[in-house]
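>>> need a 3D model of the sequence below.
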Amino acid sequence: MFPQQLNDSRAFDIATALLEGFNRHYRLFRETSAEAKARFEVADWHGQQRAQRERIEFYDIRVQEAADRLQTEFKAGTLAMDVWQQIKLHYIGLLTNHHQPELAETFFNSVTTKILHRDYFHNDFIFVRPAVSTEYIENNEPTAKPTFRAWYPTRETLRETLAQLVGDFDLQGRWENFDRDIDHIDAVMRQELGDERLRTNFQFQVLSSLFFRNKGAYIVGKILNGYRETPFALPILHNATGEFYVDAMLLGEDDLQMLFSFARAYFMVEMEVPSAYVQFLRSMMPRKPRSELYNALGLQKQGKTLFFRDFQFHLRHSSDHFRIAPGIKGMVMLVFDLPSYPFVFKVIKDYYPPQKDTTRELIKSKYLLVKQHDRVGRMADTLEFSNVAFPRARFEQELIDEILKFAPSQLEISDRDGDGEQEVILKHVYIERRMVPLNIYLQEADPSQLEHAVIEYGNAIKDLVAANIFPGDMLWKNFGVMRQNKVVFYDYDEIEYITDCNFRRVPEPRNEEDEMSGEIWYRVGPKDVFPETFGPFLLGNHAVRAVFLKHHGDLLDAAFWQGHKERILAGHVHDVFPYEQDKRFVSHRNGGAPRGPSSNSLAQAGQSAD
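Down below sits the predicted model:
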């Protein structure tokens, strides 16, 4: 119940302090995102990576600051229920003309749940549903940058409009050959539109800020022609001498889905109204959940909020039961799913077999490493939740027994509301997009599917190597197949930085006894890796072995791994392209060959394409 009147003088002050905390957070978030342009212009790739990691930590720091302030100034943890109800109402009033109300509501939830006991976590105290609409928010200040800009070219002015469209982003630096790049875009655009459509009215709508990630900047927009809308993106890169060039033109929803994949690092984008950016992107990719778009823009806390609301909605409108996930059980993670829901839930076990020398905190640190790292399209993003409540009636007893056996410290069953309806409360859980485990996919694949999957598996490992990641456990079961038949890694408890590993060849046996021994007779350090020993674990299937050795035999050679380690230690940052090689424009300067090396030699050349 909401209060009859707003009669506590502290409530407005607390609501104001909360909003000040959020405004400080988003100001710093925007500043770091805006600075990505300057870092890109001077090719400061290490600075870009550092800023990416630091920005992910901003939110929790600001939440803790706000919670500490409320406790110090107002003793917020001791306030009565009706005061908190008034605080929420005042806060809603303060958001009436705010440009990021949905983010501010999530910030309110984060701060209050840090202060209050979870018994308070219902509609009266937190934003279970949004209270302020994000439709049609726009900054109407005369000097404000609009969310997107529109151009209305004709058949005759198309090239001129494209030149203006790219040039208006005002990148500070030299272009390798600006006219050539515009010619490339113009040629693809005319092919896409066709001569007849160029005779009729059409327009470009382009988001006003560049999207920065890794070593690329992206212009993102769409072509409108009658009822037809075609999304596009233009990746801008640096050549070896630091000059800019447009590398490709990505067209259509599938290309944009790949660019905004949940297996990629978050973009840096300078946004005044993030909901308007999400709405624009959703019009280009209607199949992508809003939660994933917020994640892609670096607003992962808002992504978690929307994900959880969607999840609760799904629970209300489904009746199947949570179960132990199909497939080979993990040694450190207990995995369960809901058959009707495209995600899996992972709980860290309380104890592990002897071969797994690890701890709960170490495993959590590995997942945090992945969150902060460049995932290069090969590591699934993971949502991390604490104290998640599920309806007990939706859990199979076999699953409850499994949790009690392997992770009892993480389970609580209670009747929180006193209504006789029990809840399963998991103290810590990771949630990931569900994929087909690669080992299961290979068992059911025809020869062409098997060949593609094995090649993709090797490509995935090489992309991880380029990003300074050693998967640790490279068994097929730790990789999954996405909808686009891309292979993605999703088991992170043994990952290490390539630069922390020591890649060695197996020493020659000293004598016949060594050669015949079934035991390791040579000294092995804690970070020693022997790539030639991967074969017996991975290549028992003869069909798999033939494809693997043909395309990725170098993964069994310590020199491959050590060479990449040395390049990374020397400061080299690899290129990773979120599009296929055949999307890349042809350069006039090299006789018509693609800009990059052929797809068969990408890893050797220090590049990788998704």
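
>>> now do the contacts for H184.
246, 249, 585-586 (C-beta atoms under 8 Å, 6 or more residues apart in numbering). Glycine gets a C-beta too; all of them are placed from N, C-alpha and C.

>>> change it to 10 Å
When contacts are counted by C-beta atoms under 10 Å, 6 or more residues apart in numbering, H184 is found next to 162, 177, 234, 245-249, 584-588.

>>> now these in a markdown table, with secondary structure?
Formatted as a markdown table, the contacts of H184 follow (DSSP: H, G, I helix; E, B strand; the rest coil):
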| residue | secondary structure |
| --- | --- |
| L162 | helix |
| N177 | coil |
| L234 | strand |
| Y245 | strand |
| V246 | strand |
| D247 | coil |
| A248 | strand |
| M249 | coil |
| R584 | strand |
| F585 | coil |
| V586 | strand |
| S587 | coil |
| H588 | helix |
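
>>> closest one to F107 out of those residues, please.
Taking C-beta to C-beta as the measure, L234 is the one of these closest to F107, at 33.8 Å.

>>> three-state assignment of the nearest residue to the closest one once chain neighbours are set aside?
Leaving aside its sequence neighbours, L234 sits nearest to I219 (C-beta to C-beta, 6 or more residues apart in numbering; 4.2 Å). Three-state call for I219 (three-state DSSP): strand.

>>> please give the number of neighbouring residues around I219.
Per other C-beta atoms under 10 Å, the neighbour tally for I219 reads 21.

>>> right, and it touches Q205 too?
No. The criterion here is C-beta atoms under 10 Å, and I219 misses it with Q205 at 11.7 Å.

>>> can you list residues touching both of those two?
By C-beta under 10 Å, 6+ apart, I219 and Q205 have no common neighbours.

>>> taking the contacts of H184, please make a PyMOL selection of just the buried ones.
Applied in PyMOL, the following selects the buried portion of the contacts of H184 according to 16 or more other C-beta atoms under 10 Å:
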select buried, resi 162+177+234+245+246+247+248+249+584+585+587
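
>>> on that earlier part again, who are the contact partners of the residue nearest to L234?
By C-beta under 10 Å, 6+ apart, the contact set of I219 is 165-166, 168-169, 185, 206-207, 209-211, 232-236, 246, 249.

>>> can you do 8 Å?
Residues near I219 by C-beta under 8 Å, 6+ apart: 165-166, 169, 206-207, 210-211, 233-234, 236.

>>> pLDDT score for D514?
D514 carries a pLDDT value of 59.

>>> for L116, same thing?
Value for L116, per-residue pLDDT: 84.

>>> who's in contact with it?
Neighbours of L116 in contact, by C-beta under 8 Å, 6+ apart: 77, 84, 125.

>>> in stretch 337-344, what's buried?
Going by 16+ other C-beta under 10 Å, stretch 337-344 has these buried residues: 337-338, 341, 344.

>>> over to stretch 441-449?
Buried residues in stretch 441-449, counted by 16+ other C-beta under 10 Å: 441-442, 445.

>>> kindly report the same for stretch 296-310.
Buried, per 16+ other C-beta under 10 Å, within stretch 296-310: 296-309.

>>> tell me which of these fall in helices.
Per DSSP state H, helices hold the following members of those: 296, 300-309.

>>> in TSV, list the residues you listed along with distance to L94.
Formatted as TSV, these follow (distance: C-beta to C-beta, whole Å):
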residue	distance to L94
A296	28
Q300	24
K301	19
Q302	18
G303	24
K304	23
T305	19
L306	22
F307	26
F308	24
R309	22
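
>>> JSON lines for the residues you listed, including distance to D60 and pLDDT?
As requested, those are exported to JSON lines (distance: C-beta to C-beta, whole Å; pLDDT from 0 to 100):
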{"residue": "A296", "distance to D60": "20", "pLDDT": "96"}
{"residue": "Q300", "distance to D60": "11", "pLDDT": "95"}
{"residue": "K301", "distance to D60": "9", "pLDDT": "95"}
{"residue": "Q302", "distance to D60": "14", "pLDDT": "96"}
{"residue": "G303", "distance to D60": "15", "pLDDT": "96"}
{"residue": "K304", "distance to D60": "12", "pLDDT": "94"}
{"residue": "T305", "distance to D60": "15", "pLDDT": "94"}
{"residue": "L306", "distance to D60": "19", "pLDDT": "95"}
{"residue": "F307", "distance to D60": "18", "pLDDT": "95"}
{"residue": "F308", "distance to D60": "17", "pLDDT": "93"}
{"residue": "R309", "distance to D60": "21", "pLDDT": "93"}
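
>>> which among the residues you listed gets closest to R290?
Distances from R290 to those, taken by C-beta to C-beta, are shortest for L306, at 5.3 Å.

>>> so what's the closest one up against?
When contacts are counted by C-beta under 8 Å, 6+ apart, L306 is found next to 289-291, 294.

>>> picking that back up, can you tell me which of the buried residues of stretch 441-449 end up in helices?
Per DSSP H, these map to helices at 441-442.

>>> looking at the buried residues of stretch 441-449, which is nearest P526?
Using C-beta to C-beta, these come closest to P526 at L442, 31.6 Å.

>>> how much space between the closest one and E270?
Noted for L442: a distance of 44 Å to E270, by C-beta to C-beta, to the nearest Å.

>>> swap in K405?
Taken as C-beta to C-beta, the span from K405 to E270 is 50 Å.

>>> hang on, M268 packs against A36?
Yes. Counting by C-beta atoms under 8 Å, A36 is a contact partner of M268 at 3.8 Å.

>>> tell me, what's touching the two both at once?
Common neighbours of M268 and A36 (C-beta under 8 Å, 6+ apart) are 48, 51, 212.

>>> list the contacts of the last one.
Taking C-beta under 8 Å, 6+ apart as the contact definition, F212 lies against 33, 36-37, 39-40, 48, 218, 267-269.

>>> swap in the first one?
For Q48, the contacting residues are 36, 39-40, 212, 214-215, 268, by C-beta under 8 Å, 6+ apart.

>>> rerun at 7 Å
Contacts for Q48 (C-beta atoms under 7 Å, 6 or more residues apart in numbering) come out as 36, 39.

>>> next, the buried residues of the helix or strand containing it.
Assigned by DSSP states H and E, Q48 falls within helix 45-74. Residues of helix 45-74 classed as buried by neighbour count (16+ other C-beta under 10 Å): 45, 48-49, 51-52, 55-56, 58-59, 62-63, 66-67, 69-70, 74.

>>> same deal with stretch 126-136?
126-127, 131-132, 134.

>>> E105: which of the residues you listed is nearest?
The closest of those, once distances to E105 are taken by C-beta to C-beta, is F127, at 4.1 Å.

>>> give me the spatial nearest neighbour of that closest one, chain neighbours excluded.
E105 (4.1 Å).

>>> doesn't the one you found belong to a strand?
No. Secondary structure of E105 (three-state DSSP): helix, not part of a strand.

>>> so how far is Q279 from it?
E105 is 17 Å from Q279, where distance means C-beta to C-beta.

>>> compare the two (neighbour count), which wins?
For E105 versus Q279, the count of surrounding residues by other C-beta under 10 Å is larger for E105: 25 against 17.

>>> who's in contact with the more buried one?
Applying C-beta under 7 Å, 6+ apart, we find E105 in contact with 127, 130-132.

>>> repeat that with 10 Å
So E105 contacts 22, 88, 91-92, 95, 98, 126-127, 129-132, 134, 302, 305 (C-beta under 10 Å, 6+ apart).

>>> same question for V278.
102, 134, 271, 288, 290-294, 296-297, 299, 302-303, 306.

>>> by pLDDT, give me the weakest of the residues you listed.
Lowest pLDDT of these: T134, 86.
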